[in-house]
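S.K.: predicted model, plus sequence, below.
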Amino acid sequence: VQLVESGGGMVQPGGSLRLSCAASGFNFSNYFMSWVRQAPGKGPEWVSTISTAAGSTYYADSVKGRFTISRDNAKNTLYLQMNSLKPEDTALYYCARGVWAAISTSRDYWGQGTQVTVSS
């Protein structure tokens, strides 16, 4: 299993970023996928989850209405569109295979993370 995130960077408050996660080594279309973030000095925080065929999406209250999770099963790629970014969104963002109940107990199926910094 390999998950490689990209698209992070530094952006001003109110700005946007689109994260991507390229998946390989497993049948991507068979798995729910999630985004998780971890701010400095804090524990990991679940951000969003998408079902296998993208029929269902789930969001943390802190990002609902601002972030959009999506996937392209033909390209084995997961996305996170982040709009109206706030300084409190600053964190290392990980994509992970599975739902929070499973991925919260093990980092075996997490990527290496991409840094998002929101600052003026």
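M.R.: Structure's in. What do you need?
S.K.: spatially nearest residue to the most centrally placed residue in the chain, not counting backbone neighbours?
M.R.: Geometric centre of the chain, nearest residue: residue 35, 2.6 Å, by CA atoms, centre = their mean. With CB to CB, 6 or more residues apart in numbering as the measure, residue 47 is the residue that lies nearest to residue 35, at 4.2 Å, once sequence neighbours are left out. Placement of C-beta: from N, CA and C, glycine included.
S.K.: where's that neighbour relative to residue 62, distance?
M.R.: Per CB to CB, to the nearest Å, residue 47 is found 8 Å from residue 62.
S.K.: for residue 113, give me its contacts.
M.R.: If a contact means CB atoms under 8 Å, 6 or more residues apart in numbering, then residue 113 has 5, 38, 92-94 as its contacts.
S.K.: how about the residues you listed in TSV, adding pLDDT, neighbour count and distance to residue 11?
M.R.: TSV is the format used below for the contacts of residue 113 (pLDDT from 0 to 100; neighbours: other CB atoms under 10 Å; distance: CB to CB, whole Å):
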residue	pLDDT	neighbour count	distance to residue 11
5	98	22	16
38	97	14	18
92	98	18	15
93	98	24	13
94	98	23	18
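S.K.: chain center to the lowest-mean-pLDDT helix or strand in the chain, what's the gap?
M.R.: Using mean pLDDT, DSSP states H and E, helix 100-103 stands out as the lowest-scoring helix or strand of the chain, at a mean of 92. In terms of CA atoms, centre = their mean, to the nearest Å, the centre of helix 100-103 is set 14 Å apart from its chain centre.
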